[in-house]
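Predicted model and sequence below, questions to follow.
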Amino acid sequence: MRLERQQRTLRLAQPLQTSYGLLAERPLLLVSITGADGARGYGEAAPLQAYDGVSLERTAAALERHREVLARCRDAAPHAELLAACREADPLPAALAAVDMALWDRAGRMHGKPVAELLCERPQREVAVNALISALDPAEASEQAAAAGRDGFPCVKVKVGVDRDAERVSAVRAGAGAIMALRLDANGAWEVDEAAEAIAGAEISTRTANTDARFRLPAYHPLPMLSSPARSKLLRATWKRG
């Protein structure tokens, strides 16, 4: 099997301010895996050094090791076997994800089916997504939230861990209305105690916006969240009505 990679840079339509800096573009590695039969699948490695500490060069090095491994593998080898061989050569998640994606894409093309139909018998036909609030100014953020509601989004995501979080979140809630779900994405900027303090401040602000939304955080409130096993920091919290 032949693995090839190409470096690409995607520029965001609008720069996005995050807790780790201003994000204006995303360099990535486009990966393809081709078998002797000519069937090809594509994957993507998109490390973000400012966030996860993994450079594009480190990812390229891992993919080079995976290329050497796959070159010795049979086309008919099971997916899990191919991925395990690559993991043994270099376990870097960003690179393994690209290989995994390319192998699934190749399998889907060979079977003439979407990958979702290879993964389960009854795949979802739609995937719910949220709109992203990119504005830092509270008034502009409120307008973006209102626009997202008009466009039919059931949820918006707000980057926090930057300036004026409580004021901006309150403005987003006011623009979004009381029903829409809000996601707060701190990108690792908060420790748990910092998250509790920030959430408490935002809760006061949202109450003044005449909503009954409540933040919840473990040990402070039972808040649903996503955290990184590699870090002790809160990455993302979901704020829903009720």
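Arrived safely.

Direction included, what does the top strand by length along the chain pair against?
The strand that spans the most residues within the chain, counting by DSSP state E, is strand 2-18. Sheet pairing for strand 2-18, assigned by DSSP bridges, gives strand 21-34 (antiparallel).

Tell me who's in contact with residue 118.
By Cβ atoms under 8 Å, 6 or more residues apart in numbering, residue 118 lies in contact with 104, 107, 108, 111. All C-beta atoms are positioned from the backbone trio N, CA, C, and that covers glycine.

Report whether it is found in a helix, as I expect.
Yes - applying DSSP: H, G, I helix; E, B strand; the rest coil, one finds residue 118 inside a helix.

between the contacts of residue 118, which is closest to residue 191?
Proximity of the contacts of residue 118 to residue 191 (Cβ to Cβ) peaks at residue 104, which lies at 36.4 Å.

I figured that closest one was touching residue 82, is that so?
No - contact between residue 104 and residue 82 fails when scored by Cβ atoms under 8 Å: they sit 11.0 Å apart.

Look at those two and report which has more neighbours.
residue 82 (21 against 17; other Cβ atoms under 10 Å).

How about that one, nearest residue that isn't a chain neighbour?
Spatial nearest neighbour of residue 82, chain neighbours left out: residue 73 (5.7 Å); criterion: Cβ to Cβ, 6 or more residues apart in numbering.

With residue 92 instead?
residue 62 (4.0 Å).

ok, and what's touching the helix or strand where the one you found lies?
According to DSSP states H and E, residue 62 maps onto helix 56-71. For helix 56-71, contacts defined as Cβ under 8 Å, 6+ apart pick out 1-5, 7, 27-29, 31, 33, 45, 47, 49, 82, 85-86, 88-90, 92, 94-96, 98-99.

Return the members of these classed as buried.
Neighbour counting by 16 or more other Cβ atoms under 10 Å classes 1, 3, 5, 28-29, 31, 33, 45, 47, 82, 85-86, 89-90, 92, 94-96, 98-99 among the contacts of helix 56-71 as buried.

tell me the domain ranges of this structure?
Structurally, the chain divides into domains by automatic domain parsing as follows: 2-119, 131-239.

Now the terminal residues of the longest one, how far apart.
End-to-end distance for domain 2-119, by Cα to Cα, to the nearest Å: 24 Å.

what about it, average pLDDT?
Averaged over domain 2-119, pLDDT sits at 94.

begin at 13 from here
Got it, first residue is 13 now, which makes that one domain 14-131.

what distance separates it from the middle of the whole chain?
Centroid separation for domain 14-131 versus its chain: 15 Å, with Cα atoms, centre = their mean, to the nearest Å.

Next, format the domains of the chain as CSV and append distance to residue 137.
Shown next, in CSV, are the domains of the chain (distance: least, Cβ to Cβ, whole Å):
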stretch, distance to residue 137
domain 14-131, 9
domain 143-251, 16
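
Pick the most buried one from those.
Highest mean neighbour count of those: domain 143-251, a mean of 18 (counted as mean count of other Cβ atoms under 10 Å).

how far off strand 14-30 does the top helix by length along the chain point, in degrees?
Of all the segments of type helix in the chain, defined by DSSP state H, the longest one is helix 105-123. Here helix 105-123 runs at an angle of 120 degrees relative to strand 14-30 (axes from the mean of the first three to the mean of the last three Cα atoms, to 10 degrees).

related to what we said a few turns ago, would you mind listing the outside residues contacting the longest strand of the chain?
With Cβ under 8 Å, 6+ apart as the contact definition, strand 14-30 has outside contacts at 34-47, 57, 63, 68, 72, 75, 78-79, 82-83, 111, 114, 144, 146, 148, 171, 173-174, 199.
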